[in-house]
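**Q** Next one to model:
(one chain, ligands or ions: 1)
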Amino acid sequence: MVRAVYPGSFDPLHNGHVDVIRRASRLFGHLTVAVVHNPLKSDGLFTIDERAAMVRETVAGMPDVDVATFQGLLVGFMREIGATVIVKGLRAISDYEYELQMAHLNRQIDRDVETLFVMTATRWSYLSSTRVREIAGLGADVTKLVPPATLRRLRRRFGAPTAVPAPTTS
Ligand code: PNS
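**A** Take a look at the predicted model:
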């Protein structure tokens with residue numbers, strides 16, 4: 001059975017992530033969504049535990065998917081749980097260089113690890129956690145962009161959206 005890990009900051013989890021989780025979970029015997037602090041990014045809106053909780057609520061009911069947090073090297077965590085595949089989502093060519101560098105480095109550290117990219121669904125290709133944080137904080141309605149577990153926490157943090165229409169999704 002091939003065990004895969006989908007690592008990320010997930011600050012917060014949005015529908016693009018959920019799409020990758022669903023599709024990747026069909027490819028592997030087991031998928032662990034690993035929430036981790038990215039030292040290259042700022043402190044973040046939600047704590048690691050809050051992010052893990054929103055992922056956990058969202059994947060409840062998805063067979064063979066679990067959620068974990070870890071500190072330290074991704075490949076070290078993968079060794080601990082017996083995972084050999086890293087799943088990452090690719091939205092656009094702009095993601096490619098960053099992801100390619102990480103894929104090569106991870107393989108450099110651990111030869112047994114492979115990174116597989118899932119192309120983000122077209123309808124979510126413009127979506128990022130950074131933009132979700134930004135527009136939710138400015139009062140936009142992000143109902144159509146994030147799962148309910150994220151929406152609830154964003155509302156708790158920022159209050160109800162102000163009089164801006166919900167974005168239409170195509
Ligand atoms: O969602 P992100 O922030 O783009 O995900 C980046 C993440 C968390 C996958 C990456 O920073 C990571 O793997 N961090 C764990 C520490 C590590 O192993 N760093 C070396 C990566 S080459």
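
**Q** Could you name the helices and strands sitting against the helix or strand hosting H104?
**A** According to DSSP states H and E, H104 maps onto helix 93-109. Packing contacts for helix 93-109, counted by 3 or more CB pairs under 8 Å, 6 or more residues apart in numbering; DSSP states H and E, involve helix 74-81, strand 85-90, strand 114-119. Backbone N, C-alpha and C define where each C-beta goes, glycine included.

**Q** packing partners for the longest one?
**A** With contacts defined as 3+ CB pairs under 8 Å, 6+ apart, helix 74-81 has these neighbours: strand 3-8, strand 30-35, helix 93-109.

**Q** Dump the C-alpha coordinates for the second one into PDB.
**A** Put plainly, it is strand 30-35. What follows is strand 30-35, C-alpha atoms only, in PDB (Å, rounded to 0.1, in the frame of the first residue of the first chain):
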ATOM      1  CA  HIS A  30      -3.600   6.200   2.400                       C
ATOM      2  CA  LEU A  31      -3.300  10.000   2.400                       C
ATOM      3  CA  THR A  32      -2.100  12.100   5.300                       C
ATOM      4  CA  VAL A  33      -2.800  15.800   5.100                       C
ATOM      5  CA  ALA A  34       0.100  17.300   7.100                       C
ATOM      6  CA  VAL A  35      -0.200  20.800   8.500                       C
END
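
**Q** quick one, which of the helices and strands packed on helix 74-81 is packed in tightest?
**A** strand 30-35 (a mean of 24; mean count of other CB atoms under 10 Å).

**Q** who in the protein is up against the ligand?
**A** Neighbours of the ligand within the chain, by CB under 6 Å from any ligand atom: 7-9, 36, 38, 41, 73-74, 102, 105-106.
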